[in-house]
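> okay, predicted coordinates and the sequence, questions at the end:
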Amino acid sequence: MSKPYDAATKALIETDPAGWVTFLGCPVPPEVVSLVDADLSTVSAEADKVIRVERPSPWLLHLELQASRDDSLIRRMLRYNALLYHRHGLPVCSAVVLLRPAANLSFLTGELRIASPLGSPWSFRYGVVRVWELPPSAFLEGPLGLLPLAPMSNIREPEAELPAVVRRMEDRLREVDEPEVKHRLWIATYVLMGLRYNQAIADKVLSGVRDMEESVTYQAIVKRGLQQGMQQGMQQGMQQGMQQGMQQGTVAEARRFLFLAAQPRLGSPTPLQQAAINAISDVGRLEAMAPRIHSASNWDELLGAE
């Protein structure tokens, strides 16, 4: 997946894991679902997200969210599926969610057939969701954690249809009592819209959303061009976003924002580097790292300076 969107999509799964299981065809109550460690670092691999479902008997849902073409995707999914089964000893269902047509491949049929010269042919089955083929209602009326995908759905005339979709998103989120959840979903919406729409359209459509206007994180993203590079004005913009936005949020949000800001420049952290950041529980320490993103050449340098 393209680096700037990785943190946003993973945040959606973290927000509503039961919703993703339900969306993919197995309705479950939230209390029987939990996230499990997706780190497969013993083989230098990491799945996007893995969800554990407890009933009627335990099983795992392995999700891969793709924004760009990857010819090795199905081989990776088969590899992760087998490794997760080896690690947890539970049945594993895999699914890929394609966020835009640029990620599409003709061989993504839901089944990988493998001929064996020494036995019967066998196949690896997986789920495939092409977001742009689904109607907006699939996300507007579906699980809350998938709501930010509504602007990425089958909207053929954005200028006419997109404002109405955003208004319906507002109506849905107005019923949510947790400000942190609403904030996270709107930020994910804005970041993901960069996959399909230019920034001017996203800014225009979301400009009237009160939760967005009041979000200093959103303002920092808009002002400093987080999605388009952040090379210019990185120190001031990121420091403002972290100091004003994350002081009002949680340590988890500060970490997520730091990952989102740093990945376009530094790439994805290794499992050890990510663990080092996850071990930081002080928002002030995370804020102090933000201005150094522009000067650091890798994650170790950023962490070492910290």
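Great, that's in hand. Computed from a prediction, not measured in an experiment: that's the story for all the values here. Residues are numbered from 1 along each chain as shown.

> my read: Ser153 touches Phe139, true?
Yes: with contacts counted by Cβ atoms under 8 Å, Ser153 reaches Phe139, the gap being 5.9 Å. Where C-beta positions appear, they are placed from N, C-alpha and C, glycine not excepted.

> more neighbours: which of these two?
Between Ser153 and Phe139, counted using other Cβ atoms under 10 Å, the more crowded position is Phe139 (25 against 21).

> give me the three-state assignment for the closest residue to that one other than its chain neighbours.
Among residues not flanking Phe139 along the chain, Ala150 sits closest, at 4.0 Å (Cβ to Cβ, 6 or more residues apart in numbering). Three-state assignment for Ala150 (DSSP: H, G, I helix; E, B strand; the rest coil): helix.

> what about Ala150, distance to Leu134?
Using Cβ to Cβ, to the nearest Å, Ala150 is found at 9 Å from Leu134.

> so for these two, which sits in the more crowded spot?
Legend: neighbour count by other Cβ under 10 Å for Ala150 and Leu134, higher for Ala150 (26 against 17).

> measure the residue of the chain most remote from its centre to Val251 for me?
Going by Cα atoms, centre = their mean, the residue of the chain most distant from its centre is Leu118, 40.9 Å out. From Leu118 across to Val251, the span is 53 Å (Cβ to Cβ).

> so what's Tyr126 up against?
For Tyr126, the contact set (Cβ atoms under 8 Å, 6 or more residues apart in numbering) comprises 74, 77, 81, 93-96, 110-112.

> run the last query once more with 6 Å
Tyr126 makes contact with 77, 94, according to Cβ atoms under 6 Å, 6 or more residues apart in numbering.

> cool, and the one 10 residues further on?
Under the criterion of Cβ under 6 Å, 6+ apart, the contact partners of Pro136 comprise 150, 153, 165.

> need those in CSV (columns: distance to Val33 and pLDDT).
Rendered in CSV, the data for the contacts of Pro136 read as follows (distance: Cβ to Cβ, whole Å; pLDDT from 0 to 100):
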residue, distance to Val33, pLDDT
Ala150, 22, 96
Ser153, 24, 96
Val165, 27, 94
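
> from those residues, which single one is nearest Leu185?
Nearest to Leu185 among those, counting by Cβ to Cβ, is Ala150 at 10.6 Å.

> any idea of the pLDDT on Met246?
At Met246, the predicted lDDT confidence score is 44.

> could you say which helix or strand contains the residue nearest to Gly110 when sequence neighbours are not counted?
Closest residue to Gly110 apart from its sequence neighbours, by Cβ to Cβ, 6+ apart: Val128 at 5.1 Å. In the assignment (DSSP states H and E), Val128 maps to strand 127-130.

> and what of Glu180?
Counting by DSSP H and E, Glu180 is part of helix 179-193.

> and the very next helix or strand once past that helix, how far from the chain's centre?
Note on helix 179-193: by DSSP H and E, the next helix or strand toward the C-terminus is helix 199-206. Helix 199-206 sits 20 Å away from the centroid of its parent chain (Cα atoms, centre = their mean, to the nearest Å).

> if we can go back for a sec, list the contacts of the residue nearest to Gly110.
Val128 makes contact with 96, 108, 110, according to Cβ under 6 Å, 6+ apart.

> for it, give the beta-bridge partners.
Counting by DSSP bridges, Val128 is bridged to Val96.

> surely Leu60 forms part of a helix?
No: assessed with three-state DSSP, Leu60 is strand; it does not lie in a helix.
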